[in-house]
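In: Quick one: sequence and predicted model below, then my questions.
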Amino acid sequence: MPTPEQIETSIVKKYKKNIWHRFVKAGREYSLVNDGDRIACVVRGDISSLLVAKCYQRLHKYSETQFELSFVGSGEQQARVFGLDIIPTDDPAAYAIEHGFNKLALPDCFDDCIEHTLSCQLYDGRLETLPPCEQADGLTLIRAGVLIRRADIEAFARYNSLEALAPLSSESEDMRTLRTRALIAELAKDNKNLEINILRSCEEVNLETVISYIQDGEVKSVLDTF
């Protein structure tokens, strides 16, 4: 089993381009971490959340941005391997609100976001994604792993011999998620830009080309402009 130092070194050396740089890029591009922030980072005992938490820990140690950071959730045994001290809680959001944190860092990666986006369109008939940041119940939810690919997380786990430590995801995946994932993989065989295009479909949305949208809780229809 690797030491926490070896895990961190692999993030910033072996996977510098595909993990660390993408983590930092998301943070800068979407202004996710700022001076004075109090961030509660969610850990669920799975490789994806442990990796993202380790990236936040590295950022906290070396960034010029001054912010507070705590790790909350579950998987204390797995977290120790990564050198993370977890505050155990079944409800990270409630804990963050109760203890005065202003941001809750979630571990969702690129693939989680595009699967959610396409799944909502196919199964729920709505356009929705997992944005890099959003407001919810008095907290700002941030996702600095939004540009990190699942394939690179899997490669990171294999390189560090962490496959037996924890699964890639701790959440049970329903059939619609698995079917959506399979569909994306099949269609991506003939379109190398398909995955990034799914994410981009929720950027710079032209409201003049949609039938209706919700703003401040009120439905706005294209018919309102006639």
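Out: Cool, got the structure. Residues are numbered from 1 along each chain as shown.
In: From now on I want contacts and neighbour counts done on CA atoms only, so please keep to that.
Out: Fine.
In: Just give the nearest non-adjacent residue to residue 12, would you?
Out: Distances taken as CA to CA, 6 or more residues apart in numbering place residue 20 nearest to residue 12, at 5.8 Å, with adjacent residues excluded.
In: Okay, now the sheet partners of the lowest-mean-pLDDT helix or strand in the chain, with direction.
Out: Least confident helix or strand, the chain: strand 212-215 with a mean of 79, by mean pLDDT, DSSP states H and E. With DSSP bridges as the test, strand 212-215 is paired with strand 218-221 (antiparallel).
In: Got phi/psi on the most centrally placed residue in the chain?
Out: By CA atoms, centre = their mean, the chain has its centre lying nearest to residue 108, at 2.4 Å. Backbone torsions of residue 108, given as degrees, to the nearest 10, read phi -60, psi 140.
In: Now do the contacts for it.
Out: Contacts for residue 108 (CA atoms under 8 Å, 6 or more residues apart in numbering) come out as 48-49, 143, 145-146.
In: Show me what the longest helix seen in the chain is packed up against.
Out: Identified as the longest helix of the chain according to DSSP state H is helix 47-62. Using 3 or more CA pairs under 8 Å, 6 or more residues apart in numbering; DSSP states H and E, the elements in contact with helix 47-62 are helix 4-12, strand 38-43, strand 68-73, helix 150-159.
In: how distant is whatever helix or strand comes next after the third one from the center of its chain?
Out: Toward the C-terminus, strand 68-73 is succeeded by helix 76-81 as the next helix or strand (DSSP states H and E). Averaged C-alpha coordinates place helix 76-81 at 20 Å from its chain's average position (CA atoms, centre = their mean, to the nearest Å).
In: ok, now stretch 88-100?
Out: 18 Å.
In: Between the two ends of it, how far is it?
Out: Distance between the two ends of stretch 88-100: 17 Å, counting by CA to CA, to the nearest Å.
In: Tell me the secondary structure at residue 33.
Out: coil (DSSP: H, G, I helix; E, B strand; the rest coil).
In: Report the contact partners of it.
Out: Going by CA under 8 Å, 6+ apart, residue 33 touches 27, 65, 67.
In: if you set the cut-off to 10 Å instead, what comes out?
Out: Residues counted as contacts of residue 33 (CA atoms under 10 Å, 6 or more residues apart in numbering) are 26-27, 39, 56, 59-60, 65-67, 103, 105, 142, 144.
In: Could you tell me which of those count as buried?
Out: The neighbour count (16 or more other CA atoms under 10 Å) marks 26-27, 39, 56, 59-60, 103, 105, 142, 144 as buried among the contacts of residue 33.
In: what about the helices and strands packed on helix 47-62, which gets the closest to residue 98?
Out: Among the helices and strands packed on helix 47-62, strand 38-43 comes nearest to residue 98, with 11.4 Å by CA to CA.
In: tilt between the closest one and helix 47-62?
Out: 150 degrees (axes from the mean of the first three to the mean of the last three CA atoms, to 10 degrees).
In: Can you report phi and psi for residue 146?
Out: Torsion angles at residue 146 (phi, psi; degrees, to the nearest 10) stand at phi -60, psi -20.
In: can you count the residues close to it?
Out: Other residues lying near residue 146 total 26 when counted by other CA atoms under 10 Å.
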